[in-house]
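K.L.:
Structure for the following, please:
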Amino acid sequence: FANSVGTFQTCKTTNAHLSIFGFDPRDRSISAYRTVAGKALSQFPLNTLGLDVANKLAIQRTYLSLHGGARINPFGTTSGPQRLDVIMEPSCWAGLLAIFSGQASAWNGKSYHEGTSFFAGKLDTKVMGDNITIWDDPLHPLGIPQPFDYEGYPKQKLVLVENGVAKNVTYDTELANRYGVTSTGHGLPASVR
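P.N.:
Have a look, this model is predicted:
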(Lines give C-alpha, C1' and ligand atoms only; values in the text may rest on other atoms or scores of the structure.)
Protein backbone atom coordinates (compact mmCIF):
# COMPACT_ATOMS: atom_id res chain seq x y z
CA PHE A 1 0.00 0.00 0.00
CA ALA A 2 1.35 3.42 -0.94
CA ASN A 3 -0.22 6.86 -1.00
CA SER A 4 0.65 10.40 -2.03
CA VAL A 5 1.73 11.50 1.45
CA GLY A 6 4.65 9.10 1.50
CA THR A 7 3.12 6.14 3.26
CA PHE A 8 4.41 2.77 2.12
CA GLN A 9 3.25 -0.38 3.90
CA THR A 10 3.26 -4.04 2.94
CA CYS A 11 1.39 -6.99 4.33
CA LYS A 12 1.24 -10.47 2.84
CA THR A 13 -2.13 -12.08 3.39
CA THR A 14 -4.71 -14.16 1.61
CA ASN A 15 -8.46 -14.06 1.86
CA ALA A 16 -10.66 -17.06 1.22
CA HIS A 17 -14.45 -17.13 1.01
CA LEU A 18 -16.61 -20.20 0.55
CA SER A 19 -20.38 -20.45 0.12
CA ILE A 20 -22.23 -23.77 0.02
CA PHE A 21 -25.84 -23.82 -1.19
CA GLY A 22 -28.20 -26.77 -0.96
CA PHE A 23 -31.65 -27.32 -2.44
CA ASP A 24 -34.12 -30.09 -1.71
CA PRO A 25 -34.48 -32.06 -4.97
CA ARG A 26 -38.18 -32.73 -4.24
CA ASP A 27 -39.10 -29.17 -3.22
CA ARG A 28 -36.89 -26.42 -4.65
CA SER A 29 -38.41 -23.89 -2.23
CA ILE A 30 -36.48 -25.62 0.57
CA SER A 31 -32.95 -24.31 0.56
CA ALA A 32 -30.05 -23.78 2.93
CA TYR A 33 -26.61 -22.28 2.78
CA ARG A 34 -23.44 -21.83 4.75
CA THR A 35 -20.77 -19.25 4.11
CA VAL A 36 -17.38 -18.86 5.76
CA ALA A 37 -14.38 -16.60 5.36
CA GLY A 38 -10.82 -16.91 6.48
CA LYS A 39 -7.22 -16.93 5.39
CA ALA A 40 -7.14 -20.14 3.32
CA LEU A 41 -9.59 -22.69 1.92
CA SER A 42 -7.63 -25.41 3.71
CA GLN A 43 -8.87 -24.10 7.07
CA PHE A 44 -12.52 -24.77 6.19
CA PRO A 45 -13.94 -28.10 7.46
CA LEU A 46 -15.73 -28.98 4.20
CA ASN A 47 -17.40 -32.15 5.51
CA THR A 48 -18.76 -30.34 8.57
CA LEU A 49 -20.00 -27.42 6.48
CA GLY A 50 -21.69 -29.76 4.00
CA LEU A 51 -23.36 -31.70 6.82
CA ASP A 52 -24.55 -28.42 8.30
CA VAL A 53 -26.31 -27.53 5.04
CA ALA A 54 -27.81 -31.04 4.81
CA ASN A 55 -29.07 -30.79 8.42
CA LYS A 56 -30.71 -27.44 7.70
CA LEU A 57 -32.53 -28.96 4.74
CA ALA A 58 -33.66 -31.89 6.92
CA ILE A 59 -34.97 -29.53 9.63
CA GLN A 60 -37.08 -27.71 7.06
CA ARG A 61 -38.45 -30.95 5.61
CA THR A 62 -39.28 -32.19 9.13
CA TYR A 63 -41.07 -28.94 10.00
CA LEU A 64 -43.16 -29.12 6.85
CA SER A 65 -44.09 -32.77 7.39
CA LEU A 66 -45.09 -32.10 11.03
CA HIS A 67 -47.27 -29.18 9.95
CA GLY A 68 -48.97 -30.79 6.96
CA GLY A 69 -46.84 -28.85 4.52
CA ALA A 70 -48.00 -25.51 5.94
CA ARG A 71 -45.37 -22.83 5.62
CA ILE A 72 -44.85 -19.87 7.92
CA ASN A 73 -46.24 -16.71 6.38
CA PRO A 74 -44.76 -13.74 8.28
CA PHE A 75 -47.05 -11.40 6.33
CA GLY A 76 -50.22 -13.46 6.71
CA THR A 77 -53.38 -12.25 8.36
CA THR A 78 -53.43 -12.85 12.10
CA SER A 79 -55.33 -11.34 14.98
CA GLY A 80 -52.18 -9.75 16.37
CA PRO A 81 -48.41 -9.65 16.26
CA GLN A 82 -46.64 -12.87 15.37
CA ARG A 83 -43.64 -14.15 17.29
CA LEU A 84 -41.12 -16.02 15.18
CA ASP A 85 -37.91 -17.51 16.53
CA VAL A 86 -35.04 -16.80 14.16
CA ILE A 87 -31.58 -18.32 14.17
CA MET A 88 -29.15 -15.77 12.82
CA GLU A 89 -25.91 -17.21 11.53
CA PRO A 90 -22.54 -15.45 11.61
CA SER A 91 -22.84 -14.39 7.97
CA CYS A 92 -26.15 -12.67 8.75
CA TRP A 93 -24.59 -10.85 11.70
CA ALA A 94 -21.67 -9.85 9.50
CA GLY A 95 -24.10 -8.19 7.10
CA LEU A 96 -25.92 -6.39 9.90
CA LEU A 97 -22.68 -5.20 11.43
CA ALA A 98 -21.53 -3.96 8.03
CA ILE A 99 -24.54 -1.66 8.01
CA PHE A 100 -23.35 -0.19 11.31
CA SER A 101 -19.65 -0.22 10.42
CA GLY A 102 -17.35 2.76 10.25
CA GLN A 103 -17.83 2.78 6.47
CA ALA A 104 -21.57 3.22 6.73
CA SER A 105 -22.71 5.29 9.65
CA ALA A 106 -23.19 4.31 13.26
CA TRP A 107 -19.60 4.02 14.43
CA ASN A 108 -18.12 6.54 12.01
CA GLY A 109 -16.76 9.61 13.83
CA LYS A 110 -18.06 11.96 11.14
CA SER A 111 -21.62 10.59 11.44
CA TYR A 112 -21.32 10.72 15.21
CA HIS A 113 -20.34 14.40 15.28
CA GLU A 114 -22.84 15.39 12.57
CA GLY A 115 -25.64 13.73 14.56
CA THR A 116 -26.61 11.21 11.86
CA SER A 117 -25.48 8.14 13.83
CA PHE A 118 -27.79 6.54 16.37
CA PHE A 119 -24.73 6.78 18.65
CA ALA A 120 -24.74 10.59 18.39
CA GLY A 121 -24.44 12.03 21.90
CA LYS A 122 -24.72 8.57 23.45
CA LEU A 123 -21.15 7.51 24.20
CA ASP A 124 -20.98 5.97 27.68
CA THR A 125 -24.73 5.37 27.70
CA LYS A 126 -26.79 2.20 27.21
CA VAL A 127 -27.74 1.73 23.54
CA MET A 128 -28.17 -2.06 23.37
CA GLY A 129 -28.92 -5.02 25.62
CA ASP A 130 -26.54 -6.06 28.40
CA ASN A 131 -25.64 -9.16 26.40
CA ILE A 132 -24.23 -7.18 23.45
CA THR A 133 -20.50 -6.45 23.17
CA ILE A 134 -19.10 -5.47 19.77
CA TRP A 135 -15.49 -4.79 18.94
CA ASP A 136 -13.36 -4.37 15.85
CA ASP A 137 -10.23 -6.49 16.09
CA PRO A 138 -8.47 -6.57 12.72
CA LEU A 139 -5.64 -8.72 14.08
CA HIS A 140 -7.73 -11.46 15.71
CA PRO A 141 -6.42 -14.89 14.64
CA LEU A 142 -9.89 -16.03 13.51
CA GLY A 143 -10.29 -13.00 11.25
CA ILE A 144 -8.55 -11.83 8.13
CA PRO A 145 -5.61 -9.75 9.37
CA GLN A 146 -5.30 -6.16 8.28
CA PRO A 147 -2.48 -4.57 10.29
CA PHE A 148 -2.98 -1.03 8.94
CA ASP A 149 -5.75 1.09 7.46
CA TYR A 150 -5.77 2.78 4.05
CA GLU A 151 -3.73 5.68 5.42
CA GLY A 152 -1.03 3.31 6.69
CA TYR A 153 -2.08 3.89 10.31
CA PRO A 154 -1.60 0.79 12.53
CA LYS A 155 -4.84 -0.96 13.41
CA GLN A 156 -5.69 -2.19 16.88
CA LYS A 157 -8.62 -3.63 18.77
CA LEU A 158 -11.37 -1.07 19.38
CA VAL A 159 -14.35 -1.77 21.66
CA LEU A 160 -17.44 -0.15 20.13
CA VAL A 161 -20.14 -1.44 22.51
CA GLU A 162 -19.49 -3.11 25.87
CA ASN A 163 -22.33 -4.81 27.70
CA GLY A 164 -24.75 -2.62 25.75
CA VAL A 165 -22.92 0.65 26.48
CA ALA A 166 -21.59 2.74 23.55
CA LYS A 167 -17.84 3.10 24.05
CA ASN A 168 -16.13 4.39 20.89
CA VAL A 169 -16.55 5.60 17.35
CA THR A 170 -13.99 5.32 14.56
CA TYR A 171 -11.71 8.03 13.21
CA ASP A 172 -9.34 8.37 10.30
CA THR A 173 -6.48 10.87 10.57
CA GLU A 174 -8.42 13.81 9.10
CA LEU A 175 -11.40 13.34 11.42
CA ALA A 176 -9.16 12.73 14.42
CA ASN A 177 -7.33 16.02 13.77
CA ARG A 178 -10.61 17.88 13.25
CA TYR A 179 -12.04 16.68 16.58
CA GLY A 180 -8.83 16.62 18.62
CA VAL A 181 -8.73 12.86 19.17
CA THR A 182 -6.41 10.03 18.11
CA SER A 183 -6.99 8.10 14.89
CA THR A 184 -8.43 4.66 15.55
CA GLY A 185 -6.87 3.27 12.36
CA HIS A 186 -10.05 3.37 10.29
CA GLY A 187 -8.92 5.35 7.26
CA LEU A 188 -10.86 4.26 4.19
CA PRO A 189 -9.86 4.10 0.53
CA ALA A 190 -10.45 7.42 -1.25
CA SER A 191 -13.20 5.78 -3.32
CA VAL A 192 -15.26 5.11 -0.16
CA ARG A 193 -14.85 8.44 1.66
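K.L.:
now the strands: where do they sit in this protein?
P.N.:
For the chain, the strands defined by DSSP state E occupy 16-23, 31-38, 134-136, 158-162, 165-166.
K.L.:
Can you say which of those strands is nearest to Ala176?
P.N.:
Distances from Ala176 to each of the strands of the chain were compared by CB to CB, and the smallest falls on strand 158-162, at 12.7 Å. (Each C-beta comes from the backbone N, C-alpha and C, glycine too.)
K.L.:
okay if I get the strands of the chain as CSV plus mean pLDDT?
P.N.:
Converted to CSV, the strands of the chain look like this (pLDDT from 0 to 100):
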stretch, mean pLDDT
strand 16-23, 91
strand 31-38, 87
strand 134-136, 88
strand 158-162, 93
strand 165-166, 94
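K.L.:
okay, those in JSON lines with distance to Glu89 and mean neighbour count next?
P.N.:
What follows is the strands of the chain, written out as JSON lines (distance: least, CB to CB, whole Å; neighbours: other CB atoms under 10 Å):
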{"stretch": "strand 16-23", "distance to Glu89": "12", "mean neighbour count": "13"}
{"stretch": "strand 31-38", "distance to Glu89": "8", "mean neighbour count": "16"}
{"stretch": "strand 134-136", "distance to Glu89": "17", "mean neighbour count": "17"}
{"stretch": "strand 158-162", "distance to Glu89": "20", "mean neighbour count": "18"}
{"stretch": "strand 165-166", "distance to Glu89": "26", "mean neighbour count": "21"}
